[in-house]
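Trainee: Sequence first, then the predicted structure, then my questions.
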Amino acid sequence: MSRRRTLRAALATGLGGALTACAGKDGPRTDSPGRGALRMPDEAHPHELTYMSWPTRRIWGADTAGVHSDIAGIARAIAAFEPVALLANEQDAEAARKACGSGVEVVPIPVDDLWMRDTGPNFVLGGDGGIAGVDLNFNGWGRKQAHGRDGRVAREILADEKIERIQAPVTGEGGSIEVDGRGTLMATESSLVNGNRNPGKSRDDIERALKELYGVTTVIWVDGVRGHDITDFHIDALARFSEPGVVVMSTPDAEAPQDVWTRAHDQARGVLDRATDARGKGLEIVELPEPVDIGRRGDGFLASYVNYYVVNGGVVLPRFGDRRADRDAASIVRELYPGREVVQVSVDTLGEGGGGIHCSTQQLPKSA
């Protein structure tokens, strides 16, 4: 369950009135769409398109060919359901087009790496039918990786789309939060209440910001794990909302050794078993067992089916080569998302880098 261990390795406003510190293409703005009614929809909300990005040799080195194959496979799978816009450095654009095919639009915006869930904007909808993008000030997961280009990806996407930018008063990543679209948000403390992102800020400070940014009233915190992977353990490898009131959890094998990851799972399971959502209702927990028979993998391999991605009419799910576990995961996800086609994609190199399908994608939701 460890995350990205193998990768090579200015908070301008206070919380009061944080959302007035917005910046559009032409500079600072003081308005936001449907002020007071912003909300982040759940992932199953219809999408306009999916954003991805093309990883660079500077980060991936000898693994570049393999990770390019994985990203192209994910992009092609998503493109069967909805448009895909893939960001790439200008010198890589032609190779990306050839690998991904004509169904994927390659956009020449500079990038360092592929983790669009963390570098891209989190889109929120306003009560007036408008849309804005939250920029979480990506800082390389606490300055663990070079991010000169990726630190500007959210800003560049929003400028390109002429969508209002909301600069968050906290630093984090999209993979560190999970919403049900009905007022509830889950997060790991380890990835947000951390001096490498938010020095001097308490959990209460960060929670207030998350509530205002994403239009939620309830935040469920689990401990997570600090310092054992580059992300400090994101929630999207552990627990996801399949619908309001239903949480699907990545579940270690019963014979897995006790370590920081299994202990983090057990702690989170205890919290979620007792938690109530924004409606005051308890949560149904659905276990999604992790694969076991996957051969020799690196210590940082992310073997989590929960890191799937919901698209228009489908779900793109990892395949790890454990035939029974792969089959069972697909069956469980079909039950969680009735009426959606489940497509499984092999992501071996991506997994060795400690990430997965969800980590590499970011949805642009349809607005009213």
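Mentor: Received the coordinates, thanks.

Trainee: Let me know whether my guess that Asp70 is in a helix holds.
Mentor: Yes: the assignment for Asp70 by DSSP: H, G, I helix; E, B strand; the rest coil puts it in a helix.

Trainee: which secondary structure element contains the closest residue to Arg152 other than its chain neighbours?
Mentor: Excluding its sequence neighbours, the residue lying closest to Arg152 (C-beta to C-beta, 6 or more residues apart in numbering) is Pro110, at 7.5 Å. (Each C-beta comes from the backbone N, C-alpha and C, glycine too.) In this assignment (DSSP states H and E), Pro110 forms part of neither any helix nor any strand.

Trainee: end-to-end on stretch 120-130?
Mentor: End-to-end distance for stretch 120-130, by C-alpha to C-alpha, to the nearest Å: 19 Å.

Trainee: which residues touch the closest residue to Gly151 other than its chain neighbours?
Mentor: Once flanking residues are discounted, Gly151 sits nearest to Phe138: 5.3 Å by C-beta to C-beta, 6+ apart. Neighbouring residues of Phe138 by C-beta atoms under 8 Å, 6 or more residues apart in numbering: Asp118, Thr119, His147, Asp150, Gly151, Val153, Ala154, Thr171, Glu173.

Trainee: Okay, and Phe138 sits in which element?
Mentor: Counting by DSSP H and E, Phe138 is part of no helix or strand.

Trainee: So what does Tyr309 look like in phi/psi?
Mentor: Taking degrees, to the nearest 10, you get phi -140, psi 130 for the backbone angles of Tyr309.

Trainee: Bridged to it, which residues?
Mentor: Val316 (DSSP bridges).

Trainee: What does the pLDDT read for it?
Mentor: The model reports Tyr309 with a pLDDT of 98.

Trainee: Same check on Asp299?
Mentor: 75.

Trainee: can you pull out the helices in the stretch 201-350 of the chain?
Mentor: In the stretch 201-350 of the chain, the helices defined using DSSP state H, counting those that start in this stretch lie at 203-214, 260-274, 323-336, 348-352.

Trainee: Make TSV out of those helices and add mean neighbour count, distance to Thr64 and mean pLDDT.
Mentor: Formatted as TSV, the helices of the stretch 201-350 of the chain follow (neighbours: other C-beta atoms under 10 Å; distance: least, C-beta to C-beta, whole Å; pLDDT from 0 to 100):
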stretch	mean neighbour count	distance to Thr64	mean pLDDT
helix 203-214	19	35	98
helix 260-274	16	28	96
helix 323-336	16	26	98
helix 348-352	22	9	94
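
Trainee: Looking at those helices, spot the one closest to Asp42.
Mentor: Asp42 sits nearest to helix 203-214 of all those, at 11.1 Å, using C-beta to C-beta.

Trainee: check contacts around the residue nearest to Arg152.
Mentor: Counted by C-beta under 8 Å, 6+ apart, Pro110 has contacts Asn89, Glu90, Arg149, Arg152, Glu156.

Trainee: same question, Pro41
Mentor: Counted by C-beta under 8 Å, 6+ apart, Pro41 has contacts Leu125, Val179, Gly181, Pro365.

Trainee: let's see it at 10 Å
Mentor: When contacts are counted by C-beta atoms under 10 Å, 6 or more residues apart in numbering, Pro41 touches 47, 123-125, 179-182, 214-215, 363, 365-367.

Trainee: Mind checking the pLDDT average for stretch 132-141?
Mentor: 98.

Trainee: Just put the helices of the stretch 201-350 of the chain in TSV and tack on distance to Phe81.
Mentor: Below are those laid out as TSV (distance: least, C-beta to C-beta, whole Å):
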stretch	distance to Phe81
helix 203-214	25
helix 260-274	29
helix 323-336	15
helix 348-352	19
